[in-house]
Each structure stands twice: as C-alpha cells, then as structure tokens.
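Asks: Structure for this input, please:
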Amino acid sequence: MLNSDILARLACPVDGSEQLSWQVFRGTPDAIADAVIVCDACRAWFPVDDGIPDFLTGPLAYAEDRARFWQSHERELGKLGLTPDTPSAGGEAELQRAQQRHFDWYSQNEKQSYGEYERLPFWVAADGMAFARWRGLIRPRSWLLDVGCGPGRATARLIDLDIEILAFDVSKAMVRLAAERFRSSGAKARTVFMAADAMSFPVRSANLDYVMAYGVLHHVPDPPRVCREIHRVLQPGGLYLGSENSTSVFRGLFELLQKIRPQWYEEAGPEALFSARALEQSFAGTGMTLSTRTSVFLPPHFLNRLPAGAARALLGATDRIGTAIPFLRDNGGLILVEGTKSPPVPAPGAR
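Replies: Next up, the predicted model:
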C-alpha cells in the first residue's frame, strides 16, 4: 500500500526534482488511497487514484483519467494553486505511445491476453530458471524497482520475499491488473504499482538496492537513456537484473516459426535484439559492470507443447548443454544480465 515513506523516495519525472509534496484526499499516511503529488519546483501534479500514482506526462497521460480526477477534487486542487493542465516531459512520444497502445490491448483481448502469454509453458520455464538465481541475490528488507512491470509477471516471482517493491509500467491497464492481482494476495513483499514512463523514472537518485528490467529494453525508443536511469536510481553497489531478446544465430528460425504459427504478439522498439556488446554500449559511461549469459536453445514452439514441469526440465538440460559448447554458448534466444553499480572513486588524498 502506498504510504508517506514510499512517497519520500519518489521524484518528479518532468524536471527530476526531489522536492515533492502531497495531500491525501482518501486514506491515511500509512495507507493512501486518493491523493495528489505536487512537484514544488515545476508545479506539475500527479494523481494517486485508488492507491496507484500516475506519473505519465504529455501524450502518454490518460486525459480522461486526469479530467475525472480533477472533477472529483477540483476544490482541493484549486486551493493548492494547481490547474487542469497535463505536465509534459518531452521524449519520443510516438514510439512510446505505440508501446502503450499495444500493452493496453494486450491486457485483455480476444486473441491472447498477457495473462495467457505469461502462462505459456515456455515462459513459465524460462522465468523460473532466471529467477531461481536472482532470488538468491536479493537481500531481505531491501528496495527493488520493477521497470515495465506489466501485470506483475516478474513481481510475482518475488512477492514471498521480505522486501519493498516499487513497480511501474507505461500501460495503465497493465498497472491496474497488477495492483488488483496482488491486492489480496497476502504477499510478504510490500509492493506499490505506478503508471510511469521508462524514459524518466519517478524515483530519487541513488535510492534503490535493485533495479529489475525484465524484457524491457527492446520495447523502448532509447535503450541507453533507460540504462542511464537504471544507473542513476541505484545505490553504489546496487544490482541491475535484466533479460532481453538475444542476437542468436538461430533468431531467423524463430522468426520463421513465429510467422507460421505465432506464439505471442510482440511490439518491439527500434532495438529489438541485444548482444553482450550492445548491452555494454547501452551502459557506456555509467560505470556499471555487467555479467551476461544466454539461455534457451530450443524453439518456444516446441516447449509450449509440453507441460510446464517438463518444459522446465528440458529447458534446464538443454541450457546446460548449450552453455558448455563454445559455439552455442552465446547464441541462446535470451540474454540474461546482472550489472553492478560501481562505488564512487575516493578523491586523491581522501581517507
């Protein structure tokens, strides 16, 4: 549940200011339902509706939602000196808007909902393998940011841990699904879902222990910018956990099979595939130290014909074989990355 401790970790996505104030309209400081968050520097305001902060700006903002919120709280907002205007942060809105529309559609449709996609045996197996290692890296009572959280697919793998999770997505339909999914789950992790744009995280600098971006960079218009944001919000020594589509030599076979029999519906950005070198270039100049490995050496089309348990067993076995063979080692269908933010270098003569 959103509370004042979480709000104190947030920042304005418009100008990056950490000078935020808020007024609660419904709820308590420990369980905020409806509120407004105001940037005291640029005076942009962001609604909190049913516990969900909405930091979307410009063309990405849901105009009807903001108008409805204004109508519900016009008197209180007016007393704060605010206007109905929608804040704008710039950016490549056309590409981001296409992603937003795609994931709004994917939240529920007649072809395949994201929930159905998430439950495919291939993804159950691949997700399970990735998080089996990552869960062991996450310390109790730490803070983690889930970038591009969708309906909480990656978050679900961590909710039994004693941690604090901030999660956001550009699709408000997905965020609402995620919030509802975990609202009555009895999860040990304390989780708050937000609507926000990956081009500008609404989070203070050097404030988090972990940032997870699970299948996100290949959707954004400017991956290096997102990588700089990941670096910015991590504390020194903090850890980035990510997964992306890999530049495998077998990619052509997968694309052919997808044309013949689609397993899911993708809306990739301008950089749809990543290699270890491409990830290093995206983080260039940040001081992040990256470690990568590839996974998945079988077509998802085959694994999806198996029960989830059998798919995971086969995926694990073929991964062990694939990573042991030099030619195959870097040609799995997914590339998994762990990145550490270097601590600051002491000034000469400092003790």
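Asks: Dihedrals phi and psi, Leu239?
Replies: The phi and psi torsions at Leu239 (degrees, to the nearest 10) take the values phi -120, psi 130.
Asks: Quick one: residues contacting the closest residue to it other than its chain neighbours.
Replies: Here the nearest residue to Leu239 in space, its sequence neighbours aside, is Tyr210; by C-beta to C-beta, 6 or more residues apart in numbering that works out to 5.2 Å. Quick note: C-beta positions are derived from backbone N, CA and C, even for glycine. Going by C-beta atoms under 8 Å, 6 or more residues apart in numbering, Tyr210 touches 138, 142-145, 234, 238-241.
Asks: same thing but at 10 Å, please
Replies: 134, 137-139, 142-146, 158, 163, 165, 234-235, 238-241 (C-beta atoms under 10 Å, 6 or more residues apart in numbering).
Asks: Could you do Phe122 as well?
Replies: 263-264, 296, 298-306, 308, 311-312, 315, 333.
Asks: Go ahead and confirm Lys111 touches Pro262.
Replies: Yes. Using C-beta atoms under 10 Å, Lys111 is in contact with Pro262, at 8.9 Å.
Asks: Hmm, Val147 is touching Pro202, no?
Replies: No. Counting by C-beta under 10 Å, Val147 stays clear of Pro202, with 11.2 Å between them.
Asks: to the chain's geometric centre, what's the distance from the helix or strand hosting Thr323?
Replies: Thr323 is part of helix 308-324, with elements assigned from DSSP states H and E. With C-alpha atoms, centre = their mean, to the nearest Å as the basis, helix 308-324 stands 26 Å off its chain's centre.
Asks: list the helices and strands it packs on?
Replies: Applying 3 or more C-beta pairs under 10 Å, 6 or more residues apart in numbering; DSSP states H and E, we find helix 308-324 packed against helix 121-134, strand 288-295, helix 300-303, helix 326-329.
Asks: Quick one: name whatever helix or strand follows the longest one.
Replies: It stands for helix 121-134. Per DSSP H and E, helix 121-134 leads on to strand 143-147 as the next helix or strand towards the C-terminus.
Asks: Strand partners (parallel or antiparallel) of that next one?
Replies: Sheet pairing of strand 143-147 (DSSP bridges) gives strand 164-169 (parallel), strand 208-214 (parallel).
Asks: Of all those strands, which one comes closest to Gln99?
Replies: Gln99 lies closest, by C-beta to C-beta, to one member of those: strand 164-169, at 9.9 Å.
Asks: average model confidence for the next helix or strand after that closest one?
Replies: Note on strand 164-169: by DSSP H and E, the next helix or strand toward the C-terminus is helix 172-183. Here helix 172-183 scores 95 as its mean pLDDT.
Asks: Mind listing what's buried along helix 172-183?
Replies: Judged by neighbour count using 16 or more other C-beta atoms under 10 Å, the buried positions of helix 172-183 are 172-179, 181-182.
Asks: Those residues into JSON lines, with extra columns for distance to Ile6?
Replies: Formatted as JSON lines, the buried residues of helix 172-183 follow (distance: C-beta to C-beta, whole Å):
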{"residue": "Lys172", "distance to Ile6": "19"}
{"residue": "Ala173", "distance to Ile6": "22"}
{"residue": "Met174", "distance to Ile6": "20"}
{"residue": "Val175", "distance to Ile6": "15"}
{"residue": "Arg176", "distance to Ile6": "18"}
{"residue": "Leu177", "distance to Ile6": "20"}
{"residue": "Ala178", "distance to Ile6": "16"}
{"residue": "Ala179", "distance to Ile6": "14"}
{"residue": "Arg181", "distance to Ile6": "19"}
{"residue": "Phe182", "distance to Ile6": "15"}
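Asks: Which one of these is nearest to His73?
Replies: Lys172 (18.3 Å).
Asks: Just give the nearest non-adjacent residue to that closest one, would you?
Replies: Nearest residue to Lys172, sequence neighbours excluded (C-beta to C-beta, 6+ apart): Ala195, at 4.6 Å.
Asks: quick revisit: right, and the helices and strands packed on helix 308-324 - which one's nearest Ile52?
Replies: Distance to Ile52, taken as C-beta to C-beta, is lowest for helix 121-134 among these, at 24.4 Å.
Asks: could you redo the helices and strands packed on helix 308-324 as CSV and give each row mean pLDDT?
Replies: CSV is the format used below for the helices and strands packed on helix 308-324 (pLDDT from 0 to 100):
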stretch, mean pLDDT
helix 121-134, 96
strand 288-295, 97
helix 300-303, 95
helix 326-329, 92
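Asks: closest one to Ser248 among these?
Replies: Closest to Ser248 of these, according to C-beta to C-beta: strand 288-295, at 7.1 Å.
Asks: helices and strands around the closest one, which ones?
Replies: Where contact means 3+ C-beta pairs under 10 Å, 6+ apart, strand 288-295 is packed against helix 121-134, helix 223-233, strand 234-245, helix 276-282, helix 308-324, helix 326-329, strand 334-341.
Asks: what's the closest of those to Leu20?
Replies: That would be helix 223-233 among the helices and strands packed on strand 288-295, by C-beta to C-beta, at 15.1 Å.
Asks: now the closest one, how far from the chain's geometric center?
Replies: Mean C-alpha position of helix 223-233 versus that of the full chain (C-alpha atoms, centre = their mean) differs by 12 Å.
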